[in-house]
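just to be clear, the model below is a prediction. Sequence and coordinates:
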Amino acid sequence: MGASYAAAMSAVMLSAMQLPRLEIALLAVALVAFVPMSFASDTSKAERPNFLVIYTDDIGFADISSYGGPIATPRIDELAETGRTFTRAHASSSTCTPSRYSLLTGLYPFRNTRAEILQGDAPLLIEPGSLTLASHLAEHGYHTAVIGKWHLGLGEGEVNWNGPVTPGPLEIGFDESYLMPATNDRVPCVYLDGHFVENLDPTDPIRISYRQQVGDWPTGMSHPELLRYTADGQHSGTIVNSIGRIGFQHGGEAALWVDQEMAEKFTERAIETIERAEASDEPWFVFFSMHQPHLPLAPNDQFVGKSGYGLRGDAILEADWSIGMLIDALDRLDARDDTLIIFSSDNGPVLNDGYNDGTLRDNGAHDPSGPYRGGKYTLWEAGTRVPFIASWPARIEPSETDELFGQVDLLASFAALADAPLSNDVAQAVDSEDLSPLLVGDASRGRELLVTQGIGGQAIQDERWKLIPANNARRNFANHWTKRKHGGEGNPLTSPQITAGAYLFDLIADPGETTNVIDRHPEVAERLRAALERIREAPQP
Ligand code: NG6
Ligand code: CA
């Protein structure tokens, strides 16, 4: 788009209007001299890319066909074929809110004690005015937008959904937002366009509670016969679109989302946003935050039955379709070479999270965790080790790396690529390392240490070793989930196996975390334990 060229031109024109003739003549010379540079600025544009972060919800390491999974994801594979595949990239946490918090702030989630799975009425988790990926890029001339799942809280508590819902993304650096407020299994089941609920009829105001029934809309408990599929107690609150949700909603009927249309809505909105940004001179950052394959699984009819792996597989097909639409739009706009696309996931996979939707049966032998242990919620590798692809055809050669990378590093890395380095005295984004050379393939060094988080605790790993310190919270959580929430059946991806004690794994020799070697290497465990403590106590410079 030649942003710098256009800016320079208008600066020249403006000053020309205030100058006498001789200077104008001189300026004309300068201008001629400037023209070739303006063509060079096309290259510098390619060096200062747009960023499209495609962030799926609960996609596992082996859910993508380019990562060896059986579900066909040709459009995501295209990104891998033209880009850089990471086999050791981690979300910061094995649940959504903390991972998103970390991606946007460049901080490990444990720095904010509220960074845990949030309910749909939770206040905004990120302090307005703090440094975020969006605010930093916006400050440096980027147009910034978030479209899709938010789940980082909104407002300041006791949100009134019938007026402006603020603060939210627009107060922490995004120029525009179009959101699902929390998760697709949580109320309110409406879209938020900027500060306002879309299509809200003021005569039918929204009321939300996570404590008790509000109004008289049917719930999964009171009217199980209205459900598409039955659910556990937690997912038996208000029924929206024949699906029981977590929490209670009354009102806002005209504004309710239809799960089967959600992919199309978000995709269209993202394309519109990119088209608008491309028509202007600004580079852009779009955080395309997808809802697939998070529960409830209700993909559009055109995908149902198509994957061979039940509704979860079908939802992954839908995600692939959506991503293909974005790639096509970039091609159409001739913006593909100017855009760094990141494809990843907020946490590892889960197969049974509360709805009796047939996934456990229909998923067959597919193991979305691939060679890794565990899944969503856990500190095992598959909780956070997720697909991660970086595609930027003008800059990145098709390649693969097994270097250690954290999504927490996107902030500092994007800042470097956008030629907007973080100042050293900023006491924010302290956990984010500039790994831009690794991202684009110029260098092969990854992180030396990475902390990951599961429910109730952290693990730490270096190039070879991973320490999971003893952690009672984890055991309690596992019992809670596998016994109570899943009707005693357990979830094959989250089932605990860990009871007590600390674990040390040699990830190079034993990537599947099968053998605890802590007794054989106490000094390694001690070194990692001390490093974790140090990082937890004080951000490392
Ligand atoms: C859990 C929900 C689960 C899911 C998860 C958040 C229950 C029993 N389970 O509390 O369904 O919504 O939160 O997932 O309530 S995440 O990917 O957004 O972190
Ligand atoms: Ca998630």
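Perfect, I can see it now. Ligands and ions are numbered 1, 2, ... in the order given.

then residue 51 would be within a helix, right?
No. Per DSSP: H, G, I helix; E, B strand; the rest coil, residue 51 lies outside any helix segment and is strand.

let me know the pLDDT of it.
At residue 51, the predicted lDDT confidence score is 98.

doesn't residue 288 make contact with it?
No. If you go by Cβ atoms under 8 Å, residue 51 and residue 288 don't touch, sitting 10.5 Å apart. Where you see a C-beta, it was placed from the backbone N, CA and C, and this is true even at glycine.

who has more neighbours, these two?
More neighbours surround residue 288 than the other of residue 51 and residue 288, with 27 against 22 (other Cβ atoms under 10 Å).

OK, contacts around the more buried one?
Contacts for residue 288 (Cβ atoms under 8 Å, 6 or more residues apart in numbering) come out as 52, 53, 54, 55, 147, 148, 266, 270, 326.

quick check, pLDDT for the residue lying closest to the first one once chain neighbours are set aside.
Spatial nearest neighbour of residue 52, excluding adjacent residues (Cβ to Cβ, 6 or more residues apart in numbering): residue 341 at 4.7 Å. pLDDT, the model's per-residue confidence, is 98 for residue 341.

burial count for residue 341?
Number of residues near residue 341 (other Cβ under 10 Å) recorded here: 26.

so it belongs to a strand, correct?
Yes. Per three-state DSSP, residue 341 lies within a strand segment.

for it, name its beta-bridge partners.
Applying DSSP bridges to residue 341 gives these bridge partners: residue 52, residue 391.

wait, it touches residue 391, no?
Yes. The criterion here is Cβ under 8 Å, and residue 341 meets it with residue 391 at 4.6 Å.

any stretches of the stretch 301-450 of the chain with poor pLDDT?
425-427 (pLDDT under 70).

what does it have sitting close to ligand 2?
By Cβ under 5 Å from the ion, the residues of the stretch 301-450 of the chain that approach ligand 2 are 346, 347.

give me that answer again for 8 Å
In this structure, the stretch 301-450 of the chain approaches ligand 2 at residues 345, 346, 347, 376, judged by Cβ under 8 Å from the ion.

is stretch 374-389 positioned near ligand 1?
No. For stretch 374-389 and ligand 1, the contact criterion (Cβ under 6 Å from any ligand atom) is not met; the two come no nearer than 6.6 Å.

gap between the two ends of that stretch?
Stretch 374-389 has an end-to-end distance of 22 Å (Cα to Cα, to the nearest Å).

if you count neighbours, what's buried in it?
374-389 (16 or more other Cβ atoms under 10 Å).

of those residues, which is the nearest to residue 277?
Using Cβ to Cβ, residue 389 is the member of the buried residues of stretch 374-389 that lies nearest residue 277, at 22.1 Å.

can you pull the contacts of the residue nearest to residue 52?
Contacts for residue 341 were tallied using Cβ under 8 Å, 6+ apart; they are 52, 54, 79, 83, 327, 330, 389, 390, 391, 392.

looking at whichever residue of the chain sits closest to ligand 1 now. What's its pLDDT?
Closest residue of the chain to ligand 1, Cβ to the nearest ligand atom: residue 96 (3.0 Å). The model reports residue 96 with a pLDDT of 97.

give me the neighbour count for the nearest residue in space to residue 258 that is not next to it in sequence.
Distance criterion Cβ to Cβ, 6+ apart; nearest residue to residue 258, sequence neighbours excluded, is residue 241 at 5.6 Å. Neighbourhood size, residue 241 [other Cβ under 10 Å]: 15.

what parts of the stretch 51-200 of the chain come near ligand 1?
Contact residues (Cβ under 6 Å from any ligand atom) of the stretch 51-200 of the chain with ligand 1: 57, 58, 95, 96, 117, 151, 183, 185.

burial of the second one, as a residue count?
By the other Cβ under 10 Å criterion, the neighbourhood of residue 58 contains 27 residues.

and it, which of the three is it?
coil.

ok, back up a step: tell me the contacts of the residue nearest to residue 258?
Counting by Cβ under 8 Å, 6+ apart, residue 241 has contacts 189, 228, 256, 257, 258, 259, 260, 298.

tell me the pLDDT of the first one.
You'll see residue 189 listed with a pLDDT of 98.

from the chain's centre, how far out does the helix or strand containing residue 438 sit?
Using DSSP states H and E, residue 438 maps to helix 436-440. Its chain's C-alpha centre and that of helix 436-440 lie 19 Å apart, by Cα atoms, centre = their mean, to the nearest Å.

other SSEs contacting that helix?
Here helix 436-440 touches helix 410-417, going by 3 or more Cβ pairs under 8 Å, 6 or more residues apart in numbering; DSSP states H and E.

the helices in the stretch 201-350 of the chain, which residues?
Per DSSP state H, counting those that start in this stretch, the stretch 201-350 of the chain carries helices over the ranges 259-279, 310-332.

just these: most buried one?
Greatest average neighbour count among those goes to helix 310-332 (a mean of 22), per mean count of other Cβ atoms under 10 Å.

could you tell me the angle between that one and helix 259-279?
Taking axes from the mean of the first three to the mean of the last three Cα atoms, to 10 degrees, one finds that helix 310-332 is oriented at 20 degrees with respect to helix 259-279.

pull the CA atoms of helix 310-332 into PDB?
Provided in PDB are the C-alpha atoms of helix 310-332 (Å, rounded to 0.1, in the frame of the first residue of the first chain):
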ATOM      1  CA  GLY A 310     -18.300 -36.500  14.000                       C
ATOM      2  CA  LEU A 311     -19.300 -33.000  14.900                       C
ATOM      3  CA  ARG A 312     -15.900 -32.100  16.300                       C
ATOM      4  CA  GLY A 313     -14.200 -33.000  13.000                       C
ATOM      5  CA  ASP A 314     -17.000 -31.200  11.100                       C
ATOM      6  CA  ALA A 315     -16.300 -28.100  13.100                       C
ATOM      7  CA  ILE A 316     -12.700 -28.300  12.100                       C
ATOM      8  CA  LEU A 317     -13.700 -28.500   8.500                       C
ATOM      9  CA  GLU A 318     -15.700 -25.400   9.000                       C
ATOM     10  CA  ALA A 319     -12.700 -23.700  10.500                       C
ATOM     11  CA  ASP A 320     -10.600 -24.700   7.500                       C
ATOM     12  CA  TRP A 321     -13.300 -23.300   5.200                       C
ATOM     13  CA  SER A 322     -13.300 -20.000   7.000                       C
ATOM     14  CA  ILE A 323      -9.500 -19.700   6.900                       C
ATOM     15  CA  GLY A 324      -9.600 -20.500   3.200                       C
ATOM     16  CA  MET A 325     -12.000 -17.600   2.700                       C
ATOM     17  CA  LEU A 326      -9.500 -15.300   4.400                       C
ATOM     18  CA  ILE A 327      -6.600 -16.500   2.300                       C
ATOM     19  CA  ASP A 328      -8.700 -16.100  -0.900                       C
ATOM     20  CA  ALA A 329      -9.600 -12.500   0.200                       C
ATOM     21  CA  LEU A 330      -5.900 -11.700   0.800                       C
ATOM     22  CA  ASP A 331      -5.100 -13.100  -2.700                       C
ATOM     23  CA  ARG A 332      -7.900 -11.100  -4.200                       C
END
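
cheers, nothing more for now.
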